[in-house]
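[1] model this:
(2 chains, ligands or ions: 5)
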Amino acid sequence: MHDKIIAKKDLDSFVRSLAQSRDVFAPVRDKASMGWAQIDSADNLEFDFLNTDFSPKAFFFPQNERLMHFTNSSRDEDGMIMEEEPPRDREQVLLNIRPCDAKAFCVLDLVFCQDENAPDVYWKDKRDKTVLIGLACKAPCPTCFCTSVNCGPHHEEGLDMLLVDLGEDLLARPLTDKGQELAADLQDAPQEAVDQAAGQKKASEEAITSTVDMSKINERPVLEEYEHPYFDRVFEACINCGTCTFYCPTCHCFDIQDETQDEFGHRVRNWDTCMSWLFTHHTSGHNPRGTKKDRVRQRFMHKFKYMPIKLGGAIGCVGCGRCTRKCPVNIDVRTVVNSMNE
Amino acid sequence: MNEITRQLRERAKQLLQEGTVDCVIGYAQGSVPMQEQPFFAYTPEEADKLVWTGFCTNNLANFLIKRSGKNAVVAQGCVSRNIVGLIKENQVQRENVYILGVHSPGMIDAHKVQNHFPGKTIVQVEEDGKDIVVQGMDFEERLPRKKFKRDNCFTCTHRNAVLYDEFIGEEGPQTGGGKIDNVAAPWEKLDSDQRWEAFEQTFKDCIRCYACRNVCPLCYCDVCFVDENNPQWVGKSLHEPDVYTFHILRAFHCAGRCTDCGACESACPVGIKMRRLTSKIEKDIRQLYGYQPGLDLETPAPLSLYQPNDPDVAE
Ligand code: SF4
Ligand code: SF4
Ligand code: SF4
Ligand code: SF4
Ligand code: SF4
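    Ligands and ions are numbered 1, 2, ... in the order given. Modelled structure (predicted):
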């Protein structure tokens, strides 16, 4: 596939053509924060931002998602029978998504679609109907460490197309058939633009100064890592709020509830978090993760030990640094991983 | 290193060496700007990590609940008042806590600083006397500290610890300079529809992470009403009535107990101003009952006490 070029001044028509038959979303500034918003032109697009505050995981795995609904009446002939929600009727595009967030979706595919024949239909339907157009990172944030966890500022995995900001122009690299189709009308990129993008990739990677080391975590048997003395201290400051997991693009725990009101009821899936004691509380009264230490340990063991073992080496972290930026008590994932690795 | 930090480390070391306490709960320098970390020093060596800066925004009283052994804790005015409250509510034993009182310079609001630099990455923020020096990836700016203080620190009435075993550094001015009555004033001008609208605006972005609840020393119930599921009082989604119910009930649970420490607002990842709600309750308790929480160990909290001459009974 050839690299293409698109002048920023022509971006508007590109976005408008995308928006004709799809819902297009992109990071848009709202005062001091960057959020995801629907766009139909290139007017509010920004190219100088670090990443969105919230990860885009909610596009496929919303914080609250109605799975089914029912009439809440046993007298009604159709009452208490679950009816499924209709699938998405339009394609969507996530434009200017960061490489780490796209990679996170690949990790979550391994979770939600483990069994090809029985995938999570809610996740899969939206994934299949979405095109991901990434934007490579020029100036990584001091908390970014994607290069240590199988990702990077120009990482291509999971994307249909990668854009590299060259100033006046964007280099557009189609990566899949979907991407190629969207790039069909674009000009081929001149060699100097390709070289410039390659130079930028190197510079961005070098600009990421924080690293984590997982070599010993990988080697050590599970129980030995589980009993690492470091876990006796790391949880102390944690307030078990779960903010880290809500902001994380790869955290995916949920709870399913039936909610009813008058004659109507629905089954909803809500984000839950390993940080909450309630999450693992059994009806028997037993709680396998009854203490704060158990819960904090779970978060890190899950991402950096259990997931790699269970999912063929895939790490449950893409290095976006959101958990570190948002934690109210400064529990820094990099410090934790490096200490687990000692 | 500032003078308070130096003295704090020295005293913490001695207390641990002598065995007066098993642990000193204070703050260590955080790994990201404007975010010091609650820190537990068990050895004299660990005491060398303690710091005292304008970024110590968590409420350390929270960490005393259900803790075994004897703990020293660093406490400015509001935190000491929360410790008093916890002792009164039998959550902390007075003899098991050794309070290292400090004066608060007024803490910095990280949201305000970040909002001053939209879209920019802040790499470091340092305090320099009356200023803060903010360094970013491609800029440096000196700002007056005063403008970036947390809202609650402006209207603080007790910046010195009210209860302590020893005081670190000098006592300083008691108040933040702002008028505490003004905080609730905006509500009082609104009719009930407008109040509801202002309330909805305030809480619309809440993601129900519960950082505000978990960081607060008042929220120590074994099972919070939002976690109860038999019966389930509140739904679990972001459905507005459930989000609002959580905030209204939490605010009422804190009535006559909240010290306006501001930890809840500092912890909120989306910057919600939940003190807008507690401020009105704070004022009502102060004016109707002449009571400010946590000032002494004797006066009973008004809402845990029945009196025939209670203002609402008298009417
Ligand atoms: S955000 Fe921080 S305090 Fe909250 S649960 Fe996560 S690690 Fe703990
Ligand atoms: S664990 Fe933290 S750094 Fe890793 S993907 Fe999640 S939010 Fe990002
Ligand atoms: S973690 Fe890497 S890919 Fe993600 S925003 Fe930072 S530099 Fe970009
Ligand atoms: S900390 Fe903020 S977002 Fe979290 S529950 Fe409280 S108000 Fe809502
Ligand atoms: S409600 Fe907020 S201001 Fe009041 S004591 Fe709790 S954390 Fe402090």
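
[2] Give me the below-cutoff pLDDT ranges for the stretch 51-200 of chain B.
    The model of the stretch 51-200 of chain B has no residue with pLDDT under 70.

[3] That one: strands as residue ranges?
    For the stretch 51-200 of chain B, strands defined by DSSP state E, counting those that start in this stretch occupy the ranges B:71-75, B:97-101, B:122-128, B:131-136, B:140-144, B:166-167.

[4] so which of these is the most packed in?
    Across the strands of the stretch 51-200 of chain B, averaging neighbours per residue (mean count of other Cβ atoms under 10 Å in any protein chain shown) puts strand B:71-75 on top, at a mean of 25. Where you see a C-beta, it was placed from the backbone N, CA and C, and this is true even at glycine.

[5] And the contacts of it?
    By Cβ atoms under 8 Å, 6 or more residues apart in numbering or on different chains, the residues outside strand B:71-75 that reach it are B:8, B:12, B:15, B:20-27, B:50, B:52, B:56, B:60-61, B:63-64, B:79, B:83, B:96-102, B:161, B:164-165, B:168.

[6] my guess is A:Pro99 meets A:Val164, correct?
    No. When contacts are counted by Cβ atoms under 8 Å, A:Pro99 is not listed as touching A:Val164 (10.8 Å).

[7] Residues that sit against both of the two, list them.
    Shared contacts of A:Pro99 and A:Val164 (Cβ under 8 Å, 6+ apart): A:136, A:154.

[8] Please name the residues that touch the residue lying closest to A:Pro119 once chain neighbours are set aside.
    Once flanking residues are discounted, A:Pro119 sits nearest to A:Cys113: 3.9 Å by Cβ to Cβ, 6 or more residues apart in numbering or on different chains. The contact partners of A:Cys113, by Cβ under 8 Å, 6+ apart, come to A:119-120, A:123-124, A:127.

[9] What's the PyMOL syntax to select whichever of those residues are buried?
    In PyMOL syntax, the buried subset of the contacts of A:Cys113 is picked out as below (16 or more other Cβ atoms under 10 Å in any protein chain shown):
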select buried, chain A and resi 119+120+123+127
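
[10] Narrow the contacts of A:Cys113 to those in helices?
    A:123-124, A:127 (DSSP state H).

[11] For ligand 5, state which of the residues you listed is nearest.
    Comparing these against ligand 5 with Cβ to the nearest ligand atom places A:Trp123 closest, at 36.6 Å.

[12] Just give me the neighbour total for the residue nearest to the closest one when sequence neighbours are not counted.
    The shortest distance from A:Trp123 to any non-neighbouring residue, by Cβ to Cβ, 6+ apart, is to A:Phe112 (4.0 Å). Residues contacting A:Phe112 under the criterion other Cβ atoms under 10 Å in any protein chain shown number 17.

[13] I'd assumed A:Pro119 was in contact with A:Phe112.
    Yes. Using Cβ under 8 Å, A:Phe112 makes contact with A:Pro119 at a distance of 6.4 Å.

[14] So B:Cys219 is in contact with B:Arg213, correct?
    Yes. In this structure, B:Cys219 is within contact of B:Arg213 by Cβ under 8 Å, at 4.6 Å.

[15] what touches both of these two?
    By Cβ under 8 Å, 6+ apart, the residues touching both B:Cys219 and B:Arg213 are B:Arg250.

[16] Tell me which of the two has more neighbours.
    For B:Cys219 and B:Arg213, the more surrounded residue by other Cβ under 10 Å is B:Arg213, and the numbers stand at 24 against 17.

[17] Tell me which residue in the stretch 51-200 of chain A sits closest to ligand 2.
    For the stretch 51-200 of chain A, Cβ to the nearest ligand atom, closest residue to ligand 2: A:Ala104, 6.3 Å.

[18] Run through the residues that contact B:Leu163.
    Contacts of B:Leu163 by Cβ under 8 Å, 6+ apart are B:80, B:83-84, B:99, B:101, B:296-297.

[19] can you pull out the helices in the chain?
    I'll assume chain A. For chain A, the helices defined by DSSP H cover A:11-21, A:99-112, A:121-128, A:177-183, A:191-207, A:215-219, A:222-226, A:231-234, A:243-247, A:292-301, A:307-310, A:322-326, A:333-340.

[20] You answered for a different chain; I wanted chain B.
    Ranges of helices within chain B are B:3-18, B:44-47, B:77-88, B:110-116, B:151-154, B:181-188, B:192-203, B:211-214, B:240-253, B:263-267, B:275-289, B:311-314, based on DSSP H.
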